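Q: structure of the sequence below:
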Amino acid sequence: MAVTTLQKFLLKARNIHINYNMNQLKFKYILLFFILSIINIVGYAKQPVILQNADSLVGISSENFNVRNFIGNVRFSQGEITLRCDTAIQYIEQNRVELIGNVVINRNNVEIRSPKVDYVGNEKIAYAHKYVQINDLPTIIEAKSGTYNLETNIANFQKDVKVENDSLIIFSNELIHNTDSDESYANGE
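A: Below is the predicted model:
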């Protein structure tokens, strides 16, 4: 069976169309991969803790670190999180802030109070090594120390924990509290 010129032309046109579609498909996959990569990078980018106010600033800088010390009416923000205190030491490269004196951290309707908090901005975790109180109304939790993850909304308290709401008071050695579900798990005396 002889192949006519028309058949050769149609066969060539079909191959060109298939190659065009394959190249177009490759381009779409490469574009999709690029877009997803950008979204992934932006999604995991660490949001910096930003100074909103301070009465005075003392900056300390060397080859190994960059630290700023703020005194008086100090306010920071990180997205929807606000941090207030009397004095703060900010470690710029680590995206970390030591908050000292009358510390108040707010996010949505949850308020954390403590005399001293180490706040790690990359993880959005507040570490209170002295007294800590979380107001998640109607629940109020107090302890000698604790951590609160502002990303997962889960708090872990240790030592002399007291949970109080409109219907009960619980004392324990340890407590895990979820501010989203308002559920608490107590352990110890």
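
Q: from now on I want contacts and neighbour counts done on CA atoms only, so please keep to that.
A: OK.

Q: below-threshold pLDDT in the chain: ranges please.
A: 1-45, 61-63, 189 (pLDDT under 70).

Q: run through the strands of it in chain order.
A: 50-53, 56-61, 66-78, 81-91, 96-107, 110-120, 125-128, 132-136, 139-143, 145-149, 154-164, 169-178, 183-187 (DSSP state E).

Q: adding mean neighbour count, write those out as CSV.
A: Below are the strands of the chain laid out as CSV (neighbours: other Cα atoms under 10 Å):
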stretch, mean neighbour count
strand 50-53, 15
strand 56-61, 12
strand 66-78, 18
strand 81-91, 21
strand 96-107, 20
strand 110-120, 21
strand 125-128, 22
strand 132-136, 21
strand 139-143, 22
strand 145-149, 21
strand 154-164, 20
strand 169-178, 18
strand 183-187, 13
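
Q: wouldn't Asn69 be in contact with Leu57 here?
A: Yes: between Asn69 and Leu57 there is a contact at 5.7 Å, judged by Cα atoms under 8 Å.

Q: now for these two: what residues contact both?
A: Common contact partners of Asn69 and Leu57 (Cα atoms under 8 Å, 6 or more residues apart in numbering): none.

Q: so what sits opposite Arg107 in the bridge?
A: Val110 (DSSP bridges).
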